[in-house]
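Colleague: give me coordinates for this.
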Amino acid sequence: MSLFPTDDPDKVPFAGILPAAPRPFVLGNGEGEKSLVFDQLFTILLTGDETEDQYGAFTMQGRKGDRIPAHLHKAAHEIFYVVDGEISVWMDDAADHHSKTTLVTGDFAYVPAGTVHAFQIHNSTKVFGVGTAGFERFFHAMGQQTDLTEPQGVYVPSFEVMRAAGEKYDTVFMPEFQFRD
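Modeller: A predicted model of the protein is given here:
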């Protein structure tokens, strides 16, 4: 049973890019469902539709920028694997884990559901991510559909769009949260 909407309208504009069923397929370099969120390009490579609601996979590419606001995903687990570049990840589980770690090419981080986290890109960086099935559409709900192959420009969603995406994908934005740096 899916944790996120199975009749998700955020996938409608992307129909036909991925098979939407658990069958073999190949994507070429730069292919996938793409959305610009702030100054980062998210490319969805695999969704819950293809994995029978097990997981989704995506890449995030960006250039040096500010730290994104603290947030947590109530139901989604998320990983960061740095394909190329450097990114700092802050994590706070409200119990005994409080960290800021700078990840470089080849490094990996796991963010369990319910963990407050944020990240900041330090130079041109590409991250491979995997999350709980359905969560990958969060980036479409927040972003603007694009055909870009490299991050260019900036798309800032309105507060209403961010709030609606957060509610739909069980994400809580916490801009006032203070990490222990």
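Colleague: show me where the protein dips below the pLDDT cut-off.
Modeller: In the predicted model, the chain carries pLDDT under 70 at residues 1-2, 181.
Colleague: list the buried residues of the longest helix along it.
Modeller: Across the chain, the longest stretch assigned as helix under DSSP state H is helix 159-168. For helix 159-168, the neighbour count (16 or more other CB atoms under 10 Å) marks 162, 165, 166, 168 as buried. (C-beta placed from N, C-alpha, C; glycine too.)
Colleague: chain center to that helix: distance?
Modeller: The chain centre lies 15 Å from the centre of helix 159-168; the measure is CA atoms, centre = their mean, to the nearest Å.
Colleague: and if you look at stretch 49-68?
Modeller: Centroid separation for stretch 49-68 versus its chain: 4 Å, with CA atoms, centre = their mean.
Colleague: same deal with stretch 31-42?
Modeller: The answer for stretch 31-42 is 9 Å, by CA atoms, centre = their mean.
Colleague: list of residues touching that stretch?
Modeller: 11, 14, 17-18, 43-45, 47, 58-63, 65, 68, 121, 139-140, 142-148, 150-157 (CB atoms under 8 Å, 6 or more residues apart in numbering).
Colleague: filter those residues down to the buried ones, ChimeraX style.
Modeller: Buried residues among the contacts of stretch 31-42 (16+ other CB under 10 Å), as a ChimeraX selection:
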select :11,14,18,43,44,45,47,58,59,60,61,62,63,65,68,121,139,140,142,143,146,151,157
